[in-house]
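Asks: Dropping the sequence and predicted coords here.
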Amino acid sequence: AQTVTQSQPEMSVQEAETVTLSCTYDTSESDYYLFWYKQPPSRQMILVIRQEAYKQQNATENRFSVNFQKAAKSFSLKISDSQLGDAAMYFCAYRSVGYYGGSQGNLIFGKGTKLSVKP
Amino acid sequence: DTEVTQTPKHLVMGMTNKKSLKCEQHMGHRAMYWYKQKAKKPPELMFVYSYEKLSINESVPSRFSPECPNSSLLNLHLHALQPEDSALYLCASSHQGRGYTNEKLFFGSGTQLSVL
């Protein structure tokens, strides 16, 4: 079975600084997807960034980028130029490549990292 | 319209009550999902509907009864719940079919349920 581990329950960053959130996972599959989701106080889960395991290039989305190390089974999220609106719970998630109905929703989440941004 | 709308936002119910949670999307998604999220925990998948048919039931107790009356609506009927069922219930949707295996999930803001 696949597992996802986030070893940092809480992190803090100064506004405009850079912070890195860690995530490791365990799987025997060779192809899969990895995600970072953000859950602000509004409670809505928002997709931050997605990485396909077969792609060697690290995904980037504006101020958000990942460091994907497939051999090490590591998937960290870097937030540059942190903003007050980045304060939220961040979940790392794994999904197998599936072709059955609704496979997109079969996510394995880590326990989350609560990020605080100081003005 | 890229929203998933959940109602009500908050619900308090007794253990003998019957209530329903509602989820609606108008993005043409044919897969819809219910998740349960306890405080300070990640979401856990409960049910998956694909083309209005239940495709995954993650061994959820029968006091939770899902229903997908059409491609835009997803309901979760609640009956005889226990206090430990108090949680945030999140709905999500995504595209289905060939070419959509990597499609993103769109989440609603959830219904915060308290069972007294």
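Replies: Looks like it arrived, so ask away. Residues are numbered from 1 along each chain as shown, chains lettered A, B, ... in the order given.
Asks: Show me where chain A has its strands.
Replies: Assigned by DSSP state E, the strands in chain A fall at A:3-5, A:10-14, A:19-21, A:24-26, A:32-39, A:46-52, A:60-61, A:64-69, A:74-79, A:88-96, A:108-109, A:113-118.
Asks: Out of the ones you listed, the one nearest B:H10 is which?
Replies: B:H10 lies closest, by CB to CB, to one member of the strands of chain A: strand A:32-39, at 17.3 Å. C-beta: built from backbone N, CA, C; applies to glycine.
Asks: Direction included, what does the closest one pair up with?
Replies: Paired strands of strand A:32-39, with direction, are strand A:46-52 (antiparallel), strand A:88-96 (antiparallel) (DSSP bridges).
Asks: Tell me which stretches of chain B form strands.
Replies: B:4-7, B:10-13, B:18-25, B:31-37, B:44-50, B:53-57, B:64-70, B:73-79, B:87-94, B:106-107, B:111-115.
Asks: Now tabulate the ones you listed in TSV and tack on mean pLDDT and distance to A:M11.
Replies: TSV is the format used below for the strands of chain B (pLDDT from 0 to 100; distance: least, CB to CB, whole Å):
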stretch	mean pLDDT	distance to A:M11
strand B:4-7	97	28
strand B:10-13	96	29
strand B:18-25	97	32
strand B:31-37	96	21
strand B:44-50	94	24
strand B:53-57	86	33
strand B:64-70	96	34
strand B:73-79	97	34
strand B:87-94	96	22
strand B:106-107	94	23
strand B:111-115	96	25
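Asks: Figure out which of these is closest to chain A.
Replies: Within the strands of chain B, the stretch nearest chain A is strand B:44-50; the backing value is 2.6 Å (CB to the nearest CB).
Asks: Across the sheet, point out what pairs with the closest residue to B:T7 other than its chain neighbours.
Replies: The shortest distance from B:T7 to any non-neighbouring residue, by CB to CB, 6 or more residues apart in numbering or on different chains, is to B:K22 (4.9 Å). Counting by DSSP bridges, B:K22 is bridged to B:T7, B:N75.
Asks: Please look at B:K22 and B:N75 and confirm they touch.
Replies: Yes: taking contacts as CB atoms under 8 Å, B:K22 lies within contact range of B:N75: 5.7 Å.
Asks: Next up, the contacts around the residue nearest to B:T7.
Replies: B:K22 is in contact with B:Q6, B:T7, B:L73, B:L74, B:N75, counting by CB atoms under 8 Å, 6 or more residues apart in numbering or on different chains.
Asks: How many neighbouring residues does the third one have?
Replies: It stands for B:L73. The number of residues packed near B:L73 is 14, by other CB atoms under 10 Å in any protein chain shown.
Asks: Could you check how far the closest residue to it other than its chain neighbours is from B:V12?
Replies: The spatially closest residue to B:L73, leaving aside those adjacent along the chain, is B:E24, at 5.6 Å (CB to CB, 6+ apart). To B:V12, B:E24 is 22 Å away according to CB to CB, to the nearest Å.
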